[in-house]
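A.B. asks: Quick one, fold the following:
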Amino acid sequence: MKRLTSITVADKRKVFSKLKRANTAFQKKYPGDKSDRQPVHTVYGGANLFKSNIANSFSQKSLDSLLTYAPNFCEFGKIFGLEGANELPTSNKKIEKISKALKKMSTKERRNHPGYLSYEIYKKVIKKLEKEALEDFRIDFEDGFGNRSDEEEDQTALQAAREVAKGMEEGTLPPFIGIRIKCFAEETKERGLRTLDIFVTELVKKSGGKLPDNFVVMLPKVTITNQVTALVECFELLENKLELEAGSLQMEMMVETTQSIMDIKGTNPLSRFVSASKGRCKAMHFGTYDYTASCSITAVYQEMDHPVCDFAHHMTKVALAHTGIFLSDGATNTMPIGPHRGKLTKKQKEENRRVVHRSWKKGYDHIRHSLWNGYYQGWDLNPAQLPMRYTAVYAFFLESYHDAVDRLKTFVDKAARATLIGDVFDDAATGQGLLNYFLRALNSGAISEKEVLATGLTLEEIRSRSFRFILERRAALNQEENEVI
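C.D. replies: Have a look, this model is predicted:
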């Protein structure tokens, strides 16, 4: 046969061997999103207040807040402006009647009712607050603790470690937990390390040599790679001294300064920060108020949806996309807590109600903004914020659930047929976007595994996290079936 190519096999092998090394190095740096569960929030609380039963306490308090200020699904829907809620009644008699009617309806019938979203999300939020209101907690020795005497911080570190050990023994800790130490800037590095050392040493001593599941150390205000390197070296020392498994101490970092987004050379340093962690960094969190302050934004405008925050979010996402690092947004600092306490007049109760509703809606809008930007985790600071957290997350996904199911079913079928007949199918990115929706919705608890299966995909296919894998797998199965026939 006449030779059709000019490049020899040996030449090609030489070129491609170099390319393989480069491709492999790239894939190592960008392995893709992790399949691990990502919490939808992290609560930061002062270390002096931490107790082993913190999860149960948050559950009770958050549920009490919800049922006090949103006693039924109709009022709940109106507070957050959920689709169809403006058509719902306000009288208890009519609300009870609609509730009974919705309960008897099939899912398909319920979808066409204006109360559908309010009813479904209200039930899901109540269930979540009852069973697992608190997903992630950070025992805070930084902003939430403040500058106290060394003696007081030492004692607090000891006591917090004992409470964590007690929670481990009793099984009362949230699924994710960690501590935030003071930053490794020159003036606070000694205090940050001392607290870390005391806490971990005491915890390991009281727990019999163990760390809690999903335990992390948050390093705030990172500005240079040397700070990350120093913490990693301290981790290695602690693991060696305390006979912990190498690599067991994991970390997170915080983007809180402009230098974290762009250094003096005009480059984004975040990937270098992650590399300096030697595989120990799990997540990058955003500090809304420190970052806006570093941008000279005045206090009244230091909000999560300020344009300077969006810039930082996008820079962080571009720098760390597909590296497997979880990203988390910051917090809304307007607390949904009424100004009046004790025995209240009707007027005071109403004022409390307005304050809580206004704060909930503000936080809800901020969380929706984060979700729209592709940030699926954020901070909370108080149990009363959890109703708005889960409402925002569940609404974000449930509003488009049925449309996404229909689209993904059609998309997979179209792609499979195109592959089967050798046609061109070049819109895999859209399919991946739909798959990402179901992965995130399932991770957040907005939908169940059963609801994912309505797409016609298997859990194995969903968890592959790759639309291309699904297409290739189905094409192979189709080919096998045709060969058998």
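A.B. asks: any low-confidence regions in the stretch 1-150 of the chain?
C.D. replies: The model of the stretch 1-150 of the chain has pLDDT under 70 over residues 1-2.
A.B. asks: Following the chain onward from the helix or strand Leu117 falls within, which element is next?
C.D. replies: For Leu117, the element it lies in under DSSP states H and E is helix 116-132. Following helix 116-132 in sequence order, the next helix or strand is strand 136-140 (DSSP H and E).
A.B. asks: for that next one, packing partners?
C.D. replies: Packing partners of strand 136-140 (3 or more C-beta pairs under 8 Å, 6 or more residues apart in numbering; DSSP states H and E): strand 41-46, strand 176-180. The C-beta positions use only the backbone N, C-alpha and C, and glycine is treated the same way.
A.B. asks: closest to Ile54 out of those?
C.D. replies: strand 41-46 (7.4 Å; C-beta to C-beta).
A.B. asks: just the angle between the closest one and strand 176-180, please?
C.D. replies: Strand 41-46 runs at 40 degrees relative to strand 176-180, counting by axes from the mean of the first three to the mean of the last three C-alpha atoms, to 10 degrees.
A.B. asks: those strands in the stretch 301-450 of the chain, which residues are they?
C.D. replies: Ranges of strands in the stretch 301-450 of the chain, per DSSP state E, counting those that start in this stretch, are 326-328, 378-380.
A.B. asks: and of these, who's closest to Lys414?
C.D. replies: That would be strand 326-328 among the strands of the stretch 301-450 of the chain, by C-beta to C-beta, at 32.0 Å.
A.B. asks: tell me the domain ranges of the protein?
C.D. replies: The chain breaks down into these structural domains: 41-61+129-398, 400-484 (assignment by automatic domain parsing).
A.B. asks: so which of the ones you listed is the most packed in?
C.D. replies: The highest mean neighbour count among those, using mean count of other C-beta atoms under 10 Å, belongs to domain 41-61+129-398: a mean of 19.
A.B. asks: a markdown table for the strands of the stretch 301-450 of the chain, including mean pLDDT?
C.D. replies: What follows is the strands of the stretch 301-450 of the chain, written out as a markdown table (pLDDT from 0 to 100):
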| stretch | mean pLDDT |
| --- | --- |
| strand 326-328 | 96 |
| strand 378-380 | 96 |
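A.B. asks: okay, now Val9: neighbour count?
C.D. replies: For Val9, the tally of surrounding residues (other C-beta atoms under 10 Å) stands at 8.
A.B. asks: Over to Lys34?
C.D. replies: Lys34: 13 surrounding residues under other C-beta under 10 Å.
A.B. asks: Return the residues in contact with it.
C.D. replies: Contacts were defined as C-beta atoms under 8 Å, 6 or more residues apart in numbering; by that measure Lys34 touches 324, 326.
A.B. asks: tell me the mean pLDDT over whichever helix in the chain runs longest?
C.D. replies: In the chain, with assignment by DSSP state H, the single longest helix is helix 346-372. On average, the pLDDT along helix 346-372 is 96.
A.B. asks: what angle do it and strand 41-46 make?
C.D. replies: Relative orientation of helix 346-372 and strand 41-46, computed by the same axes, to 10 degrees: 120 degrees.
A.B. asks: And helix 346-372, how far out from the chain middle?
C.D. replies: When distances are taken as C-alpha atoms, centre = their mean, to the nearest Å, helix 346-372 is centred 21 Å away from the chain's centroid.
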